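Q: Got a sequence here, can you model it:
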Amino acid sequence: MIFQRSILREKIAVFAVILFTLLTITLVLLLVRGLRDAADGAIAVDGVLRLMLIATLRYFPLIVVVTVIVAMIMTITRLYQDSEMAVWQASGLGSLSLLRPVMMLVMPMFLFLLFLNAVLTPWGNQQLAQYRTQSGMNELNLIKPGSFRTGQNGKRVFFIQDVVKSESPEFRNVFALQKTDKETLLLTAERAHLEDTFDNRTFLVLEKGRQYQDRFADDYLQSMSYGRYGFSMDEFTGIKTSDLKEPDVELLGTRELWNNPKTTAVAELYRRFSDAFMIIPMALLSVVLGFSRPRASSRTLGVLTGLVTFMIYLNLIKYGEAKLHAGAWSLDHALLVSHGVFLLLALLALWYRQNAWRYTFHWFSRRSKS
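A: Residues are numbered from 1 along each chain as shown. Have a look, this model is predicted:
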């Protein structure tokens, strides 16, 4: 009992420190990327924090798995190198006695990650998609009357001289410029307003203006006047209409995925379960990888080996997801190949670690007799 409490307490302390460090690094990277997108005009400044927190949900399961691996290996390695494990073994506790405190930490984590992947992450993806689909209107909301607004590194420019605020705002004296690899499109209008179509596409309807189109291949400028002209905000925001008609599988709830026979839905269901379940085989392997001789100088070899093993495991999961997406494997086949192999490897490694001294004793006995 004392052994389990001391090990569990130390693992939780190391886990908390590593998790805080990794989350801080992740949040800083997401904040930098969000501020860069805000500077380019892709998102609003007041939406950076919200998008950063939502994006963290997508990376959190992998962060937790990596944290558990490093925390367990570091804790077990310290026990061996400080000869503390030798004292416990002398009192009758073997390597398998580490499994109970390990599982006491891992099983709640597994249930939490399962809930996170099944409920919270799809909700976060839905919020992110909803924000992006509204970015067409947000693009114009970001524009201050009487000032130019640039985006996409200068490839998109908006100018509105005045805004008449109402339930459906009206824009006066509008200027819009869009540059692509093939042409430059310039639109001017006396007034404009936004309209939504039946398929959720946002259109900017211009009235009484002119269009200038410069095609690089033709090497001449086309100009025409119009009374009413509408263009999709997809061209200015990068939102595809196909994404609005059919929601991505990442946005679907777990129950909807379970009832969906499409290969993309099965692959997404497999990924959500795999991101949570992989913590169990990796925790079992961490018990073995944490073994170290007291006189060994390096304390990072086990951590590096654990991270390499984690990357192999993760790539095997991605391989199974690709096979499911292509319809080449069934769900049972993918689970058996990815998780079955690593779970069997972890159990064999534990069995060998528990009985390694016997084989070493027999090897030395045969060598001395010969």
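Q: I'd assumed residue 159 was in a helix, is it?
A: No - using DSSP: H, G, I helix; E, B strand; the rest coil, the assignment for residue 159 is strand, not a helix.
Q: contacting residues around it?
A: Neighbour list for residue 159: 143, 147, 148, 149, 174, 175, 176 [criterion: Cβ atoms under 8 Å, 6 or more residues apart in numbering]. All C-beta spots, glycine's among them, are computed from the backbone N, C-alpha and C.
Q: mind checking how far residue 205 is from residue 225?
A: 16 Å (Cβ to Cβ, to the nearest Å).
Q: In terms of neighbours, single out the busier of these two.
A: The residue with more neighbours, out of residue 205 and residue 225, is residue 205; 14 against 10, by other Cβ atoms under 10 Å.
Q: what about the lengthiest helix in the chain, average pLDDT?
A: When the chain is parsed with DSSP state H, its longest helix is helix 2-40. Here helix 2-40 scores 82 as its mean pLDDT.
Q: Now that helix: buried residues?
A: Buried residues in helix 2-40, counted by 16 or more other Cβ atoms under 10 Å: 3, 7-8, 10-11, 14-15, 18-19, 22-23, 26, 30, 34, 37-38.
Q: These: which two are farthest apart?
A: Across the buried residues of helix 2-40, no pair lies farther apart than 3 and 38, at 51.9 Å, counting by Cβ to Cβ.
Q: Spell out, range by range, the strands that occur in this protein.
A: Using DSSP state E, the strands of the chain run over 148-151, 156-164, 170-179, 183-196, 202-215, 220-232.
Q: I'd like the mean pLDDT over the second one, please.
A: Confidence over strand 156-164 (mean pLDDT, whole number) is 80.
Q: cool, and the fourth one?
A: Per-residue pLDDT values across strand 183-196 average out to 84.
Q: cool, and the fifth one?
A: Averaging the model's pLDDT scores along strand 202-215 yields 83.
Q: ok and that strand relative to strand 220-232, angle-wise?
A: With axes from the mean of the first three to the mean of the last three Cα atoms, to 10 degrees defining the directions, strand 202-215 sits at 170 degrees from strand 220-232.
Q: go on, the fourth one?
A: Between strand 183-196 and strand 220-232, the angle formed by their directions is 20 degrees, by the same axes, to 10 degrees.
Q: Strand 183-196: which residues count as buried?
A: By neighbour count with 16+ other Cβ under 10 Å, strand 183-196 contains the buried residues 185, 186, 187, 188, 189, 191, 192, 193, 194.
Q: possible to save the strands of the chain as CSV with distance to residue 53?
A: As requested, the strands of the chain are exported to CSV (distance: least, Cβ to Cβ, whole Å):
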stretch, distance to residue 53
strand 148-151, 24
strand 156-164, 27
strand 170-179, 32
strand 183-196, 28
strand 202-215, 26
strand 220-232, 30
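Q: So for residue 355, which of the ones you listed sits nearest?
A: strand 148-151 (64.2 Å).
Q: I figured residue 57 hits residue 117, correct?
A: No - between residue 57 and residue 117 there is no contact under Cβ atoms under 8 Å: 9.5 Å.
Q: out of the two, which sits in the busier spot?
A: Under the criterion of other Cβ under 10 Å, the comparison of residue 57 against residue 117 puts residue 117 first, with 23 against 18.
Q: which residues in this structure form helices?
A: All helices of the chain, identified by DSSP H, fall at 2-40, 48-81, 84-90, 99-115, 121-133, 135-141, 234-237, 241-245, 254-258, 263-277, 279-289, 301-326, 331-335, 341-369.
Q: Least confident secondary structure element in the protein?
A: Across the helices and strands of the chain, mean pLDDT, DSSP states H and E gives its lowest value to helix 241-245, namely a mean of 40.
Q: which sections of the stretch 251-370 of the chain are below the confidence cut-off?
A: For the stretch 251-370 of the chain, the stretches flagged by pLDDT under 70 are 293-299, 356-370.
Q: For burial, what's the neighbour tally of the residue lying closest to residue 277 once chain neighbours are set aside?
A: Distances taken as Cβ to Cβ, 6 or more residues apart in numbering place residue 339 nearest to residue 277, at 5.8 Å, with adjacent residues excluded. Residue 339 has 21 neighbouring residues, counting by other Cβ under 10 Å.
Q: What of residue 203?
A: Neighbour count of residue 203, defined by other Cβ under 10 Å: 16.
Q: wait, what's in contact with residue 171?
A: The contact partners of residue 171, taken as Cβ under 8 Å, 6+ apart, are 140, 160, 162, 163, 164, 191, 192, 193.
Q: Can you tell me who it pairs with across the strands?
A: Per DSSP bridges, the residues bridged to residue 171 are residue 163, residue 192.
Q: surely residue 182 meets residue 214?
A: No - using Cβ under 8 Å, residue 182 makes no contact with residue 214, being 9.9 Å away.
Q: And those two? Which one has more around it.
A: residue 214 (16 against 9).
Q: can I assume that one is in contact with residue 184?
A: Yes - contact criterion Cβ under 8 Å: residue 214 and residue 184 qualify, at 4.4 Å.
Q: Reformat the helices of the chain as JSON lines; add distance to residue 155.
A: Output for the helices of the chain, formatted as JSON lines (distance: least, Cβ to Cβ, whole Å):
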{"stretch": "helix 2-40", "distance to residue 155": "10"}
{"stretch": "helix 48-81", "distance to residue 155": "21"}
{"stretch": "helix 84-90", "distance to residue 155": "61"}
{"stretch": "helix 99-115", "distance to residue 155": "41"}
{"stretch": "helix 121-133", "distance to residue 155": "18"}
{"stretch": "helix 135-141", "distance to residue 155": "13"}
{"stretch": "helix 234-237", "distance to residue 155": "10"}
{"stretch": "helix 241-245", "distance to residue 155": "21"}
{"stretch": "helix 254-258", "distance to residue 155": "37"}
{"stretch": "helix 263-277", "distance to residue 155": "32"}
{"stretch": "helix 279-289", "distance to residue 155": "44"}
{"stretch": "helix 301-326", "distance to residue 155": "33"}
{"stretch": "helix 331-335", "distance to residue 155": "42"}
{"stretch": "helix 341-369", "distance to residue 155": "46"}
